[in-house]
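A.B. asks: Just a sequence and a predicted model for now, questions to come.
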Amino acid sequence: MTKLGILHPGQMGISVAASAQNSGCEVHWASDERSEQTRQRATQHNLKDAQTLENLCQTCEVIISVCPPHAADDLARQVLATGFRGIFVEANAIAPQRAILMGQRMQAAGIEFVDGGIIGGPAWEAERTWLYLSGPQAQAVADCFAAGPLETAVISTAIGKASALKMCFAAYTKGTTALLSGILATAESLGVRNELENQWSRDDSNFSEQTPNRVRQVTAKAWRFESEMKEIAATLAGAGIPSGFHIAASEIYRRMAIFKDAPETPSLDEVLQALLMTQ
């Protein structure tokens with residue numbers, strides 16, 4: 001039985017942990033400095049508590065990092081400091097250039113590094129969420145999730161490919177939501193929002209109806225998407241493509257981040273006012 005450690009069992013991480021359990025893995029986590037919500041999730045899904053990161057890394061053969069992009073490097077360094085010698089899976093939304101550098105540091109320390117990119121929401125239903133993997137040990141990681149519902153695909157033995165796919169996919173999905181948010185806020189500021197929505201309805205009634213909900217629903221995760229947009233910008237810049245659009249998208253999400261942990265989804269008017277405020 002593979003002993004797998006999850007860093008950390010947030011809303012996405014706990015679904016990854018559950019898929020590993022479904023596939024016969026014994027899943028551990030470290031409760032030190034974690035929130036009460038995280039503790040409750042881990043208890044509900046019967047994760048084994050190693051208490052500290054050091055204990056977790058001494059116990060587990062595979063460690064999977066699922067955290068906000070801005071925290072990925074620090075978490076990887078903390079794992080390195082424990083003397084871990086198993087397989088480390090970097091499953092965060094980071095630029096491929098950053099994944100390659102992280103992999104080099106890990107491999108120099110004797111750690112097997114696997115690059116990962118998750119596309120989709122928390123993995124509770126089959127064929128809805130994909131973990132793309134690349135690196136020499138990618139198939140060994142895929143085997144930890146064979147029973148699903150998290151789907152896996154090994155796309156290369158080269159580190160950086162999985163992150164590149166994640167960045168390119170999110171550049172469109174999350175990038176266009178940021179663009180639409182900015183457009184609606186601008187139209188609101190200039191007093192033509194109703195006219196814009198009417199024109200959208202003439203072209204595509206579904207688009208006009210769906211766009212406000214798309215903008216409202218993204219607010220809960222905007223605090224995470226702010227740093228993800230910067231990673232996408234770095235990805236584009238590394239490929240020689242202008243990166244300014246996603247830098248601006250990062251600022252859009254920064255202004256939405258005030259809705260983190262809001263008790264209910266804000267109205268469209270509330271979102272647009274947040275975007276128009278001088279931050």
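C.D. replies: It's in. Numbering: from 1, shown residues only.
A.B. asks: which other helices and strands contact the lengthiest strand in the chain?
C.D. replies: Ordering each strand of the chain by length in residues (DSSP state E) puts strand 112-119 first. Helices and strands touching strand 112-119, as assessed by 3 or more Cβ pairs under 8 Å, 6 or more residues apart in numbering; DSSP states H and E, comprise strand 87-90, helix 96-108, strand 130-134, helix 138-142, helix 161-189. C-betas here are computed from N, CA, C, even on glycine.
A.B. asks: which of those is buried the deepest?
C.D. replies: Among the helices and strands packed on strand 112-119, the stretch with the highest mean neighbour count (mean count of other Cβ atoms under 10 Å) is strand 87-90, at a mean of 28.
A.B. asks: buried sites along stretch 71-87?
C.D. replies: The neighbour-count criterion (16 or more other Cβ atoms under 10 Å) identifies 72, 73, 75, 76, 78, 79, 80, 84, 86, 87 as the buried residues of stretch 71-87.
A.B. asks: Residue 21 versus the nearest residue to residue 181 once chain neighbours are set aside, what's the distance?
C.D. replies: Distance criterion Cβ to Cβ, 6 or more residues apart in numbering; nearest residue to residue 181, sequence neighbours excluded, is residue 215 at 4.9 Å. Relative to residue 21, residue 215 is positioned 36 Å away (criterion: Cβ to Cβ, to the nearest Å).
A.B. asks: and those two? which has more neighbours close in?
C.D. replies: For the pair residue 215 and residue 21, the greater number of neighbours falls to residue 215 (24 against 17), based on other Cβ atoms under 10 Å.
A.B. asks: what's the helix or strand for the more buried one?
C.D. replies: Under the assignment given by DSSP states H and E, the secondary-structure element containing residue 215 is helix 205-217.
A.B. asks: Need the CA coordinates for that helix. CSV is fine.
C.D. replies: Output in CSV follows, covering the C-alpha atoms of helix 205-217 (Å, rounded to 0.1, in the frame of the first residue of the first chain):
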residue,chain,number,x,y,z
SER,A,205,-28.8,35.4,-25.6
ASN,A,206,-27.1,32.7,-23.7
PHE,A,207,-23.9,34.7,-23.5
SER,A,208,-25.7,37.7,-22.1
GLU,A,209,-27.4,35.6,-19.4
GLN,A,210,-24.4,33.5,-18.4
THR,A,211,-21.8,36.3,-18.2
PRO,A,212,-23.1,37.9,-15.0
ASN,A,213,-23.1,34.6,-13.2
ARG,A,214,-19.7,33.7,-14.5
VAL,A,215,-18.3,37.0,-13.1
ARG,A,216,-20.1,36.5,-9.7
GLN,A,217,-19.1,32.9,-9.2
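A.B. asks: Which residues does the helix or strand just after that helix contact?
C.D. replies: Under the assignment DSSP H and E, the closest C-terminal helix or strand after helix 205-217 is helix 222-238. The set of residues external to helix 222-238 that reach it, using Cβ atoms under 8 Å, 6 or more residues apart in numbering, is 68-70, 93-98, 163-164, 167-168, 170-171, 174-175, 178, 218, 242-247, 249-250, 253-254, 256-257, 259-260.
A.B. asks: run the last query once more with 6 Å
C.D. replies: 68-70, 93-95, 97, 167, 171, 174, 243, 246-247, 249-250, 253-254, 256-257, 260 (Cβ atoms under 6 Å, 6 or more residues apart in numbering).
A.B. asks: now, which of the residues you listed lie within helices?
C.D. replies: Counting by DSSP state H, the members of these that fall within helices are 97, 167, 171, 174, 246, 247, 249, 250, 253, 254, 256.
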